[in-house]
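Chemist: The sequence and its predicted three-dimensional model are supplied below.
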Amino acid sequence: MEALDTLILSRIQFAANISFHILFPTITIALGWVLFFFRVRFAQTADAKWMDAYRFWVKIFALSFAMGVVSGITMSFQFGTNWPGFMETVGNIAGPLLAYEVLTAFFLEAVFIGIMLFGFSRVPGWLHMLATFLVAFGTTVSAFWIIVLNSWMHTPQGFEMIDGVAFATDWWAIIFNPSMPYRFAHMWIASGLTVSFLIAGVSAFRWLLGDRSRDVRIALKTGVTLAALLIPVQIFLGDLHGLNTKEYQPQKVAAMEGLWETSSNVPLLLFALPDEDARENHYEVGIPGLASLILTHSWDGELQGLNEFVAEDGTVMHPPVAMVFWSFRTMVGTGTAMLLLSWTAVFLMWKRRRMHADPSRRHWLAVEGLPKPVLWALVPMAFSGWVATLAGWYTTEIGRQPWLVQGVMTTEMAVADVPAPMVAGTLVGYLIAYGVLLFAYISVVVYLARKAARGDDGRANDMSHSGKAQVEILTPAE
Amino acid sequence: MFPDFANPAEWLPWAFASLMGFSILVYVILDGFDLGVGILFPFAEDAEKDRMIGSIGPFWDANETWLVLAVGLLLVAFPSAHGLILTSLYLPVFVMLIGLILRGVAFEFRAKAHAKHKKLWNNLFFIGSTMTALSQGFMLGLYIMGLEQTWATYAFAALTALFLTVGYSFIGATWLIHKTEDGLQLKSVQWAREALWGVILGIGAVSLATPLVSARIFDRWLQFPEALWLAPIPIISGLLVLWLWRMVRQMPYPGDVRSWLPFAVATGLFALAYIGLAYSFYPYVVPERLTIYEAAAAPESLFIILVGACFVVPVIAGYSVLAYTIFRGKATELRYD
């Protein structure tokens, strides 16, 4: 019983650490590229609005980057403190992948972030632009290696087991394992969506505070347009990823669909309460045949059910159903809201495009087209990317259980023999720290937005159209 | 001392132990100085604090990455040692991680949050830096004691925790001597004077304790003729201490010449102390329990990493030098434009 307690507590601790950590790389991976875009546009046009947008968002980037770095250090220690069995069994595979992440990405980002943040007036323009590029590139490379390792844990290949230890036989097969391309693309676009909604939400908030500066205008347009472009790509990629999972981890797909018995013409469940003791669902509401259609491209395609993954002796070799089922629905639901909102916003902005007399200065999208309810809807959606990303990761990672490395080792095999109270105590410590920091992070993002809307963040942009009177009404007296 | 270079199962673990040792040393010196600046934070005026942050702001992130590399190398090259060491050091590791988190985010929050919260983040910056230094010193002490957990080893670890913290504040003060001017520089010289005592006591305590804990280490240092070859390490260390002592009595020199010298000499001293320690424990990665050869991962995997490291480490060194060159000279207030 002692071992089980330590196991569950260690899993919660790892989940807490990695959930907190992933929030920030999810922002920095894509925000780095958006900043690079702003920086390049400034170099091309010499228009101060691009640099103003850059300066505002680079602050949020710096903050997110620091949060990502420090929470990431925790991850590198967690392997040893809580999961020594992982590296002892698959260290020969995981080791080089993690080492390459540190060597090729961490140092690149960490060194050039200094130049990117503080070097604008100290280095030539091209070097500052290069530093911005290298930081964005570094975050992407870092994500690549970590996703390679994660994907290998879902779809391992290119190795052989000798005396219970994995040895690499084919590095090409390890790196380009079957789920890697889908997972990497899915995560990369998830980061893009998170950032586009963050930019759109924060800019909408500034707009609602009466900030009419030109940088908030382009940021809002960039955010909403990027969101509208990425969301269909993401839905398509998600579908491909699902098909890949069906092939390699059918038990995960069965849990996502809440399907107990192998059957054809499987409904897409909109609502259900999976009951693992009774091994059935309560209060099912579904669309007949749709799950079969999505996953097999045929209305009466057959899908494997969860009951196939119970051993003769009753050992359950499929993941906990309700958590996977609901995580998946949270992700899809958030994605649907993203689709509706971003397309509505782009459509409204396009409808109100300014028909400038001079066609060369005609804007395709006009921020004025956005009515207040849409702007207000964008504000809480600023962090919708976090919700969808976490829900997606919960789906795939809880969906991998009870395996740590699919078919090679279970999570239970890797856990450290540390007293449960010690794991529980440190877990509480981490949770308190993370709660406080998350609150501080969001507060500072809001504070920076308010400060920028007041116009006292030292932008070069003129504030003649900034609607200062409105700002004063909306900003509480301090 | 040196492995058989014809046998990959011998020279690869040796190469990785060297690489890991190098990363830890670079980490101790680089993050040592910026943690030290954090430890000295409460002793400075508010205006000086911004300048102190300015002296480490562009570097701290890269400095900390050496820790990730060091623990990463332990993880990938010596997986079983990684598990054994980190489960034994479970609580100090937790304290260090919380400290690193607090310190790292305080950098950003103190500059970006509302001005009325700045004091809070300044305090957290100090607390985080100090927690990190104390826990690292505590881990060092337990490691020297062979990861034995008794009241006596805890007491020794508490002592090393204190000494390492003072040691970091010393190297932090020497960094500030180089990066600051006027009043803050005078203060930094004063801090260095006071902290130097901690460095002397710390190196002394560790040098006395290691041979007493293990007969093997005792023999290694005090047997003829090896002792002759090793004699330069304590002798040069002693001379460096004297040199530092003289410098911090007299600094700042007129015209601020050689303001970099105390930091450079302190680096030399830290490096010597570290090499002495590494020599004591070689070839063990877990003291008296597991050698680097027993704990090493498969040679094929190590080789793959080494090939990458040979290409990448010089590049990392190159762009680190670039960053230090760009932000050379006296620290200024950090600005994004």
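Modeler: That came through fine.

Chemist: quick one: contacts for whichever residue of chain B sits closest to chain A?
Modeler: Going by C-beta to the nearest C-beta, chain A is nearest to residue B:83 of chain B, at 2.6 Å. From N, CA and C alone the C-beta is placed, and that goes for glycine too. Counting by C-beta atoms under 8 Å, 6 or more residues apart in numbering or on different chains, residue B:83 touches A:80, A:84, A:85, A:87, A:88, A:416.

Chemist: Just put those residues in TSV and tack on pLDDT.
Modeler: Below are the contacts of residue B:83 laid out as TSV (pLDDT from 0 to 100):
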residue	pLDDT
A:80	78
A:84	84
A:85	85
A:87	84
A:88	83
A:416	83
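
Chemist: Buried only: go through those for me.
Modeler: Among the contacts of residue B:83, those classed as buried by 16 or more other C-beta atoms under 10 Å in any protein chain shown are A:80, A:84, A:85, A:87, A:88, A:416.

Chemist: So which of those residues reach chain B?
Modeler: Among the buried ones among the contacts of residue B:83, the residues that sit close to chain B (C-beta under 8 Å from any C-beta of the partner chain) are A:80, A:84, A:85, A:87, A:88, A:416.

Chemist: element containing the third one?
Modeler: In this structure, residue A:85 is located in helix A:84-101 according to DSSP states H and E.

Chemist: Put the alpha carbons of that helix into CSV.
Modeler: In CSV, the C-alpha atoms belonging to helix A:84-101 read as follows (Å, rounded to 0.1, in the frame of the first residue of the first chain):
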residue,chain,number,x,y,z
PRO,A,84,14.9,6.7,-11.2
GLY,A,85,13.6,3.5,-12.9
PHE,A,86,12.9,5.5,-16.1
MET,A,87,16.5,6.4,-16.8
GLU,A,88,17.8,3.0,-15.5
THR,A,89,15.6,1.2,-18.1
VAL,A,90,15.5,3.5,-21.1
GLY,A,91,18.3,5.9,-20.3
ASN,A,92,20.3,4.8,-23.3
ILE,A,93,17.5,6.2,-25.5
ALA,A,94,16.2,9.1,-23.4
GLY,A,95,19.7,10.3,-22.4
PRO,A,96,21.1,11.3,-25.8
LEU,A,97,17.7,13.0,-26.7
LEU,A,98,17.7,15.1,-23.5
ALA,A,99,21.4,15.9,-23.9
TYR,A,100,20.9,17.1,-27.4
GLU,A,101,18.1,19.3,-26.2
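
Chemist: from the chain's centre, how far out does that helix sit?
Modeler: Offset of helix A:84-101 from its chain centre (C-alpha atoms, centre = their mean, to the nearest Å): 24 Å.

Chemist: quick one: secondary structure of residue A:271?
Modeler: Secondary structure, DSSP: H, G, I helix; E, B strand; the rest coil: residue A:271 is strand.

Chemist: ok, residue A:353 touching residue A:366?
Modeler: Yes: between residue A:353 and residue A:366 a contact is recorded at 5.1 Å, counting by C-beta atoms under 8 Å.

Chemist: So if I had to pick from the two, which one is more boxed in?
Modeler: residue A:366 (17 against 14; other C-beta atoms under 10 Å in any protein chain shown).
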